[in-house]
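Peer 1: here are the coordinates; sequence isn't available:
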């Protein structure tokens, strides 16, 4: 399935414009008009889907701080435009990428300057010119990385091996256990995750969990706004509890036999592992 990325910007003189697109070399006028029309209809930050002609677009509208804008805010929209419908799991995985992209943009100092190259009153100033050129490169590189991340999400396939190896990872299992207590917003889950696993990529984890249908972000659609709540899939709750119990029993077993030789411990551990798994196979 083919797709491309656009980032749109609300120009204070002419309204919404498609600021940059990737990886295609040319964007036809009727597509530009459709995309800018989408942005012109949106008034609140959020995730929106639109179908037009043979295309299906996923769009995330957000604002960034700006000292040059009249209201001290710049309005942006990142869009992934496909040549057909995609699965709901892929759609939700793209939502997490949109949130991640908006956070990249918001975290960069003076990133708003990237959208002012067409204004001579700003670009002719040497200090401004340096900021504009540098931040424009940042925005374009992030759009390209956004495309690559979506491509990876689209190509991922669900397999028993992938799920088994994924759920055995400590950070995955702890995240799923944390979700057993009830739904939590993406922002709050990210805060918890980055506190416990600062070296790991939160959004990459969420994409994998969504793609493997282990968590849900319900009600994604035309008018869904943040905060987005994440739920653990109901069928997975028992599995998480079983794996947690298995790991606890294995630890107790090894502790009880820690005076044995390493070879004996490994052998007994494997035997216990088979005993635990047998009723569920």
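Peer 2: That came in fine, so what should we check first? This structure is a prediction, so every number in the text was calculated from the model and none was measured.
Peer 1: pLDDT score assigned to the nearest residue to residue 217 once chain neighbours are set aside?
Peer 2: In space, residue 217 comes closest to residue 92 once its chain neighbours are excluded; the distance is 4.8 Å by C-beta to C-beta, 6 or more residues apart in numbering. Bear in mind the C-beta positions are built from the backbone N, C-alpha and C, glycine included. At residue 92, the model reports a pLDDT of 86.
Peer 1: count the neighbours of residue 92 for me.
Peer 2: Residues lying near residue 92 (other C-beta atoms under 10 Å) number 25.
Peer 1: quick check: it touching residue 214?
Peer 2: No. Taking contacts as C-beta atoms under 8 Å, residue 92 lies outside contact range of residue 214: 11.6 Å.
Peer 1: what bridges to residue 15?
Peer 2: In this entry, residue 15 is beta-bridged to residue 11, by DSSP bridges.
Peer 1: now residue 30: phi and psi?
Peer 2: phi -70, psi -30 (degrees, to the nearest 10).
Peer 1: distance-wise, check it relative to residue 4.
Peer 2: Taking C-beta to C-beta, to the nearest Å as the measure, residue 30 and residue 4 are separated by 15 Å.
Peer 1: who has more neighbours, those two?
Peer 2: Counted by other C-beta under 10 Å, residue 30 and residue 4 do not tie: residue 4 has more neighbours, with 17 against 10.
Peer 1: in a strand, that one, correct?
Peer 2: Yes. Assessed with DSSP: H, G, I helix; E, B strand; the rest coil, residue 4 lies in a strand.
Peer 1: pretty sure it contacts residue 25?
Peer 2: No. Taking contacts as C-beta under 8 Å, residue 4 lies outside contact range of residue 25: 10.3 Å.
Peer 1: for residue 62, see how far away the residue nearest to residue 217 is.
Peer 2: With C-beta to C-beta as the criterion, residue 92 and residue 62 are 18 Å apart.
Peer 1: ok, now residue 212?
Peer 2: Distance of residue 212 to residue 62, computed by C-beta to C-beta: 27 Å.
Peer 1: go on, residue 117?
Peer 2: For residue 117, the distance to residue 62 equals 21 Å [C-beta to C-beta].
Peer 1: so the two - more neighbours on which side?
Peer 2: Applying other C-beta under 10 Å to residue 117 and residue 62 shows that residue 62 carries more neighbours, namely 22 against 16.
Peer 1: would you confirm that that one contacts residue 45?
Peer 2: Yes. Using C-beta under 8 Å as the test, residue 62 is close enough to residue 45 to be in contact (5.0 Å).
Peer 1: show me where the stretch 51-200 of the chain has its helices.
Peer 2: In the stretch 51-200 of the chain, the helices defined using DSSP state H, counting those that start in this stretch lie at 88-107, 120-123, 126-155, 160-167, 170-179, 186-196.
Peer 1: quick one: which of these is nearest residue 19?
Peer 2: helix 126-155 (8.0 Å; C-beta to C-beta).
Peer 1: in the closest one, what's buried?
Peer 2: Going by neighbour count (16 or more other C-beta atoms under 10 Å), the buried part of helix 126-155 is 128, 131-132, 135-136, 139, 142-143, 146-147, 149-150, 153-154.
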